[in-house]
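1. model the following, please.
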Amino acid sequence: MDILSFLREPWPWYVAGPLIGLFVPALLIAGNKTLGISSTFRDICAAVLPANIEFLKYDWRAERWNLTFVLGIFLGGFLTALLLSEPGYTVGISEKTQTVLASQGVALQGGLAPKLLSWEGLFTLRGFILIIVGGFLVGFGTRYAGGCTSGHAIMGISALQWTSLVATCCFFAGGLLMTHFLLPFLLAL
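-> Numbering: from 1, shown residues only. Below is the predicted model:
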């Protein structure tokens, strides 16, 4: 088996789960760092915007490791798209899920994203609501909740933080609400 074939196959839960779980103590041992992505946007704003904004007056350089981590996420996404972009490759989605998505009007295209999440889809009312308004709400929600799903669900729950458990339950409830109630309504637009 060549390495490209190995990378294209989903890793089983008993490999991927522990690797993610071991990342938490590794960060704590390596430098008393916590996993989370949403605060990186504040770090980027503090680095590039004028220093006269009170919310951005702090030592963002102390969080450079987090900026490197986010850069690694983008690089990983780019390499994944590059490695998996050959003609005929599709994401492995179960038949049942494809049927449910099709019944909701979500057309799958070849590649890594549904047709709805495309440049063409962005310039429709439905696409604008889902991509721009949805993105704003996700960003607002992560700041309001004091962190994102990775920060709360992986780091916070492993540290036995009650607020992280509540936030994670709310994230999942919001995802179910969106999938089963709001998405069918928006797709009917």
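
2. and G156, how far is that from G31?
-> Distance, G156 to G31, using C-beta to C-beta, to the nearest Å: 18 Å. C-beta: built from backbone N, CA, C; applies to glycine.

3. okay, these two: which has more neighbours?
-> Taking G156 and G31 together and counting by other C-beta atoms under 10 Å, G156 has the greater number of neighbours (25 against 8).

4. which residue is the nearest non-sequential neighbour of that one?
-> Here the nearest residue to G156 in space, its sequence neighbours aside, is S164; by C-beta to C-beta, 6 or more residues apart in numbering that works out to 2.5 Å.

5. what do you get for L187?
-> G105 (4.1 Å).

6. tally of neighbours for the one you found?
-> Counted with other C-beta under 10 Å, the neighbours of G105 add up to 14.

7. going by secondary structure, it is in what exactly?
-> Remark: G105 resides in no helix or strand, with elements defined by DSSP states H and E.

8. correct me if wrong: it contacts L189.
-> No - distance between G105 and L189: 9.8 Å, which falls outside the contact criterion (C-beta atoms under 8 Å).

9. where do the strands of the chain begin and end?
-> In the chain, no strands are defined using DSSP state E.

10. where exactly do the helices run in it?
-> Here the chain has its helices, by DSSP state H, at 3-8, 13-31, 39-48, 64-83, 95-103, 119-122, 125-127, 134-144, 149, 157-158, 162-177, 183-187.

11. do you know which of those lies nearest Y58?
-> Taking C-beta to C-beta as the criterion, helix 39-48 is the member of those that comes nearest to Y58, at 6.6 Å.

12. for that closest one, name the packing helices and strands.
-> Using 3 or more C-beta pairs under 8 Å, 6 or more residues apart in numbering; DSSP states H and E as the contact definition, the elements that helix 39-48 packs against are helix 64-83.

13. who does the helix it packs on touch, helix- and strand-wise?
-> On a contact count with 3+ C-beta pairs under 8 Å, 6+ apart, helix 64-83 meets helix 3-8, helix 39-48.

14. so the residue nearest to G156 sits right up against A153, yeah?
-> Yes - when contacts are counted by C-beta under 8 Å, S164 is listed as touching A153 (7.2 Å).

15. where in the protein is pLDDT low?
-> Applying pLDDT under 70 to the chain flags the ranges 1-8, 84-92, 108-117.

16. using the record's domain definitions, break this structure down for me.
-> 1-83, 102-189 (automatic domain parsing).

17. can I get those in JSON lines including distance to K96?
-> Formatted as JSON lines, those follow (distance: least, C-beta to C-beta, whole Å):
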{"stretch": "domain 1-83", "distance to K96": "16"}
{"stretch": "domain 102-189", "distance to K96": "11"}
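
18. nearest to I93, out of the ones you listed?
-> Across the domains of the chain, I93 has its closest neighbour in domain 102-189 (7.1 Å, C-beta to C-beta).

19. distance of the residue in the chain sticking out farthest from the centre relative to G135?
-> Among residues of the chain, the one most distant from the C-alpha centroid is N52; the distance is 30.8 Å, by C-alpha atoms, centre = their mean. Applying C-beta to C-beta, the value for N52 to G135 is 27 Å.
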